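Undergrad: model the structure of this input:
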Amino acid sequence: MESLVEATSGAVGSLVSTTILYPLDTCKTKYQAENRSLLHTKYRNVSDVLWEAISTRQVVSLYQGLWTKNFQSFISQFIYFYGYSFLKRLYLKKSGSKSIGTKANLIIAAAAGACTVVVTQPLDTASSKMQTSEFGKSKGLWESLSESTWTESFDGLGISLLLTANPSIQYTAFDQLKQRLLKEKTRKRSNDITSPEALSALSAFMLGAVSKCIATCITYPAIRCKVMIQSADSDENNDGKSQKKPRKTVSGAISAIWEKEGILGFFKGLQAQILKTVLSSALLLMVKEKITKSTWVVMIALRRFLFKTETRLKSS
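TA: Numbers count the residues shown, from 1 in each chain. Got it, this is the predicted structure:
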């Protein structure tokens, strides 16, 4: 029951945060996907993407790919939180420990993240292509998936697996800080049912922001390469003509960034990434904590109801 509660609350929290911050995510992703020299740069900063949408009357296009992203985020977070909670409880049961250490927490978080990436990679790739398409020319989910081969649907899988270190670092930091903040206190309920102590909304927001900021700074070069790999297939060259992007591998992305932007190119858009991911993670964990607390009450009430119903049926 605890694993199901964790998975459900995490998935809903992700859905809320993704929807609220999606325009910022689109601007950030289009800015990261651009790979040009300083003399031929379309976007000088993230705000240029927003201005383009406004000036071309394509503000609604800032939401292109929203449903795909929400679908991917919901499934991703449900699988991640369910796997993370299940593996953590299994570890505690097998080891006989009362709490989980940092090293074991990192391994468990990485394992849960790897399982999540393998399942949701095609949706992640389609979402990135839809976001980086020209405003007003984004294709639907089915069209984005059907025009690509099975191999192309998993573009960036290797680097996505590497990036499982990001949520591993984030949730491990959050979990450890949370345990210290709450001093491992739990509330005892009737019928020997234990409900985990929940953080306040402000505490969850702050801890989520700090933990995500740390993880993002450490893994950002890989994040930039992933966006480059999964970006839309066509772009405009200096003559305004459409051309194919050859960057479909990690080595190709690294080479393209290094040749045209130098070492600082690996950190292009870092500020926007931190702003978006920190706000998103903080909102996700804040909503998750509140939903977890409420879901426990609902599930306990439901369990009691089913128990009473079963007792009455047996007695009759």
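Undergrad: now the closest residue to residue 46 other than its chain neighbours: how far from residue 304?
TA: With CB to CB, 6 or more residues apart in numbering as the measure, residue 272 is the residue that lies nearest to residue 46, at 4.4 Å, once sequence neighbours are left out. For glycine as for every other residue, the C-beta is placed from the backbone atoms N, C-alpha and C. For residue 272, the distance to residue 304 equals 48 Å [CB to CB, to the nearest Å].
Undergrad: could you do residue 126 as well?
TA: 44 Å.
Undergrad: the two: which is more packed in?
TA: Between residue 126 and residue 304, counted using other CB atoms under 10 Å, residue 126 has the larger neighbour count: 26 against 13.
Undergrad: name the SS class of that one, please.
TA: At residue 126 the chain is in helix, as set by DSSP: H, G, I helix; E, B strand; the rest coil.
Undergrad: list the contacts of it.
TA: Neighbouring residues of residue 126 by CB atoms under 8 Å, 6 or more residues apart in numbering: 65, 68, 141, 144-145, 153.
Undergrad: and those residues, which are buried?
TA: For the contacts of residue 126, a burial check counting by 16 or more other CB atoms under 10 Å picks out 65, 68, 141, 144-145, 153.
Undergrad: which of the residues you listed fall in helices?
TA: Counted as lying in helices by DSSP state H, out of the buried ones among the contacts of residue 126, are 68, 141, 144-145, 153.
Undergrad: which one of those sits closest to residue 131?
TA: The closest of these to residue 131 turns out to be residue 68 (CB to CB; 9.1 Å).
Undergrad: right, and that closest one touches residue 141 too?
TA: Yes - with contact defined as CB atoms under 8 Å, residue 68 counts as touching residue 141 (4.7 Å).
Undergrad: okay, and the common contacts of the two?
TA: By CB under 8 Å, 6+ apart, the residues touching both residue 68 and residue 141 are 123, 126, 130.
Undergrad: for residue 142, see how far away the last one is.
TA: Computed as CB to CB, the residue 130 to residue 142 distance reads 12 Å.
Undergrad: compare the two (neighbour count), which wins?
TA: Using other CB under 10 Å, the more surrounded residue of residue 130 and residue 142 is residue 130, with 24 against 10.
Undergrad: so which residue is smack in the middle of this protein?
TA: The residue lying closest to the centre of the chain (CA atoms, centre = their mean) is residue 73, at 6.3 Å.
Undergrad: secondary structure class for that one?
TA: Three-state call for residue 73 (three-state DSSP): helix.
Undergrad: pretty sure it sits against residue 12.
TA: No - the pair residue 73 / residue 12 is not scored as a contact, 10.4 Å apart, by CB under 8 Å.
Undergrad: strands of the stretch 101-250 of the chain, start to end?
TA: Per DSSP state E, counting those that start in this stretch, the stretch 101-250 of the chain carries strands over the ranges 186-188, 194-196, 234-236, 242-244.
Undergrad: could you measure the residue nearest to residue 219 when sequence neighbours are not counted against residue 18, distance?
TA: For residue 219, ignoring the flanking residues on the chain, the nearest one in space by CB to CB, 6+ apart is residue 166 at 4.5 Å. Distance, residue 166 to residue 18, by CB to CB: 16 Å.
Undergrad: try residue 258
TA: 32 Å.
Undergrad: check residue 73 too.
TA: For residue 73, the distance to residue 18 - CB to CB - is 5 Å.
Undergrad: where's the residue lying closest to residue 199 once chain neighbours are set aside, which helix or strand?
TA: Sequence neighbours aside, residue 289 is the residue nearest to residue 199 in space, at 4.9 Å (criterion: CB to CB, 6+ apart). Using DSSP states H and E, the element containing residue 289 is helix 270-315.
Undergrad: helices or strands next to that helix in the packing?
TA: helix 2-33, strand 194-196, helix 201-230 (3 or more CB pairs under 8 Å, 6 or more residues apart in numbering; DSSP states H and E).
Undergrad: which of those sits closest to residue 294?
TA: That would be helix 2-33 among these, by CB to CB, at 8.6 Å.
Undergrad: after the closest one, which helix or strand is next?
TA: Downstream of helix 2-33, the next assigned helix or strand under DSSP H and E is helix 46-55.
Undergrad: that following helix to helix 270-315, inter-axis angle?
TA: Orientation note: helix 46-55 sits at an angle of 80 degrees relative to helix 270-315 (axes from the mean of the first three to the mean of the last three CA atoms, to 10 degrees).
Undergrad: so what does helix 46-55 touch, helix or strand wise?
TA: Going by 3+ CB pairs under 8 Å, 6+ apart, helix 46-55 lies up against helix 2-33.
Undergrad: switch to 10 Å and redo it
TA: Judged by 3 or more CB pairs under 10 Å, 6 or more residues apart in numbering; DSSP states H and E, helix 46-55 is in contact with helix 2-33, helix 270-315.
Undergrad: re the thing from before, just checking, the residue nearest to residue 199 touches residue 178?
TA: Yes - using CB atoms under 10 Å, residue 289 is in contact with residue 178, at 8.8 Å.
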